[in-house]
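>>> below are the sequence and a predicted model for it; my questions follow.
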Amino acid sequence: MATVRGGQLMAAAQFVEMLTLLSMMKLSLPRLPPAAPALVGADLVMGSNGVMMGSQLIVTTEWVEMMRRLVQAGVLSAPAVSAAVRIHAGQVMMSQTHQELPRGVRDLLGDGPEVRGMHETGRTGAGMAEPPRHHVLPDEFREWFEKRGFTGAMDIDQFCVKLETANHQAIHGGGNWRLGRLWPGEWNQMIMRALSNAERAAGRMLTRNEILKLLAERMKDYKIPMNFTPGRGR
Amino acid sequence: MNEDRSWQGHWKLRLYERVRERGYDSLTAFAEARPAIPLYVLADELGEDDVAAVQVLSGLLAEAEQRKQVTRFVRDVLVRLLSQSLPNGWPAVMDDEACFEVAKALGSWSAYIPETYQERADQVMAALRATPPPPGWRPLGPDDELLRTLLPDEEV
């Protein structure tokens, strides 16, 4: 364990030095070579706290805290760490909750617009997690859809979409999105009303394909992307 | 396709900004100048990747509530959905496909209007089934004669 930890520290130190070096070479390098930092990044992963994604540096509070300890121990100089993080200023995101940087982290990075502009984000905000998947055919009505042919390879789990949180909330009537008072516009309620009333108007059950056609039109009205992806959804 | 940004930022301000940019002082005026045009086309004209049709719908309803013209709004929404499903007007032959296109428009309409209109929407659907409009019937706006018979204004 100790040697592993030591190796990680060395990797971290090398990584910071390399970034610092790159910052000096920045004038001659139009952009960071994508492959090299990613490799270093792989070494840098301490637990799963710090990850390099392309030229975007994702750091965690733990990582910065470790840098702080390295500085205190004299392994690294504060300006080196600071410079390393500043290279990616504007692209650096803290992976955690959305809030101001912890005090120790701010002290270490120093004051400056780019540091003040940094904030902690969740894994999704940092681009480390995929946006959650959501059923467009409401899960509560699974049986209703099964009766109309949504079974097996065509069950409602096949019709999920990835949505960012804000869009998802708006589509479910959250975030005070609407303008008028009389129409909630909540997706699940709306789509089930549309489907069941269409059946009454037709005087028969809709087929699976007909349901999908109606669905596609309404998704367009909500600007829900038509990229279906299988999933358990939410 | 660009990433859609319809639900980001202050979309209510954006919606009205676009309406004013196009020279209208209300969403209703903007929509009335484009009769029987599907809602998503109106939305795309206001912002192809940052305005959604349901936002336009919600805005039109808000204005109708203020003007006490909700029934007129309800007829207008039906006109736009019918023209989207039946661009050539009411079908001459009610085969399976035509029946679905009518049902899609009517079902979606009932889901896009205030719930307090559900009963009247049911009556309209029943009336259209009992006495189908003439083939080719294509209402061009909320003042269509047949529609006004089926859904007369009630507001004071």
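Thanks, I have the structure now.
>>> so who does the residue in chain A that chain B sits nearest to touch?
Closest contact between chain A and chain B, by CB to the nearest CB, is at A:Ala198 (2.7 Å). All C-beta atoms are positioned from the backbone trio N, CA, C, and that covers glycine. Contact partners of A:Ala198, counting by CB atoms under 8 Å, 6 or more residues apart in numbering or on different chains, are A:206, A:210, A:214, B:100, B:103-104, B:106-108.
>>> and which of those is nearest to B:Val51?
Proximity of those to B:Val51 (CB to CB) peaks at B:Ser108, which lies at 19.1 Å.
>>> and the contacts of A:Ala198, which of them are in helices?
Counting by DSSP state H, the contacts of A:Ala198 place A:210, A:214, B:100, B:103-104, B:106-108 in helices.
>>> now, the most widely separated pair of the residues you listed?
Spatial extent of the ones in helices among the contacts of A:Ala198 (CB to CB) is set by the pair A:Glu210 and B:Leu106 at 13.3 Å.
>>> which one's more surrounded, the two?
Ranked by neighbour count (other CB atoms under 10 Å in any protein chain shown), A:Glu210 and B:Leu106 place B:Leu106 first, with 26 against 23.
>>> my guess is the more buried one contacts A:Ser196. True?
No - applying CB atoms under 8 Å, one finds B:Leu106 not in contact with A:Ser196, separated by 11.7 Å.
>>> so what are the domain limits for chain B?
B:11-67, B:70-150 (automatic domain parsing).
>>> okay if I get these as JSON lines plus mean pLDDT and distance to A:Lys147?
As requested, the domains of chain B are exported to JSON lines (pLDDT from 0 to 100; distance: least, CB to CB, whole Å):
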{"stretch": "domain B:11-67", "mean pLDDT": "95", "distance to A:Lys147": "28"}
{"stretch": "domain B:70-150", "mean pLDDT": "96", "distance to A:Lys147": "17"}
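>>> would you reformat these as TSV and include distance to chain A?
Shown next, in TSV, are the domains of chain B (distance: least, CB to the nearest CB, whole Å):
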stretch	distance to chain A
domain B:11-67	3
domain B:70-150	3
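>>> reformat those domains as a markdown table; add distance to A:Ala153.
Rendered in a markdown table, the data for the domains of chain B read as follows (distance: least, CB to CB, whole Å):
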| stretch | distance to A:Ala153 |
| --- | --- |
| domain B:11-67 | 30 |
| domain B:70-150 | 24 |
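>>> circling back: can you say which of the ones in helices among the contacts of A:Ala198 are buried?
When burial is judged by neighbour count using 16 or more other CB atoms under 10 Å in any protein chain shown, the buried members of the ones in helices among the contacts of A:Ala198 are A:210, A:214, B:100, B:103-104, B:106-108.
>>> point to the residue nearest the middle of chain B.
The residue lying closest to the centre of chain B (CA atoms, centre = their mean) is B:Val77, at 1.9 Å.
>>> for the helix or strand where it lies, what is the distance to the chain centroid?
Assigned by DSSP states H and E, B:Val77 belongs to helix B:70-85. How far helix B:70-85 lies from its chain's middle: 3 Å, per CA atoms, centre = their mean, to the nearest Å.
>>> other SSEs contacting that helix?
Contacts defined by 3 or more CB pairs under 8 Å, 6 or more residues apart in numbering or on different chains; DSSP states H and E place helix B:70-85 against helix B:39-46, helix B:53-67, helix B:96-112, helix B:118-130, helix B:145-150.
>>> let's see 10 Å
For helix B:70-85, the elements it packs on are helix A:208-221, helix B:27-32, helix B:39-46, helix B:53-67, helix B:96-112, helix B:118-130, helix B:145-150, judged by 3 or more CB pairs under 10 Å, 6 or more residues apart in numbering or on different chains; DSSP states H and E.
>>> show me which residues of the second one are buried.
The neighbour-count check on helix B:27-32 (16+ other CB under 10 Å) flags B:27-28, B:30-31 as buried.
>>> identify the contacts common to A:Glu210 and B:Leu106.
A:198, A:202 (CB atoms under 10 Å, 6 or more residues apart in numbering or on different chains).
>>> relative to B:Leu13, how far out is A:Thr165?
21 Å (CB to CB, to the nearest Å).
>>> likewise B:Ser26?
15 Å.
>>> okay, these two: which has more neighbours?
More crowded of B:Ser26 and B:Leu13, by other CB under 10 Å: B:Ser26, with 16 against 9.
>>> where does chain A have low pLDDT?
A:1-69, A:71-130, A:174-177, A:232-234 (pLDDT under 70).
>>> before we move on, the earlier item: name the element the residue of chain A closest to chain B belongs to?
A:Ala198 belongs to helix A:187-202, assigned by DSSP H and E.
>>> how about A:Arg142?
Residue-wise, A:Arg142 maps onto helix A:142-146 under DSSP H and E.
>>> show me chain A divided up by domain.
A:2-121, A:133-221.
>>> looking at the buried residues of helix B:27-32, point me to the pair that's furthest apart.
Of all the pairs that those form, the one spanning the most space (CB to CB) is B:Thr28 and B:Phe30, at 7.2 Å.
>>> is there a neighbour count for B:Leu146? I'd like the number.
15.
>>> I'd guessed B:Leu82 sits against B:Pro91; true?
No - shown here, B:Leu82 and B:Pro91 do not form a contact pair, counting by CB atoms under 10 Å, at 11.2 Å.
>>> so for those two, which residue has more residues nearby?
It is B:Leu82, of B:Leu82 and B:Pro91, that has more neighbours when counted by other CB under 10 Å, with 25 against 18.
>>> please name the nearest non-neighbouring residue to that one.
B:Ala105 (4.9 Å; CB to CB, 6 or more residues apart in numbering or on different chains).
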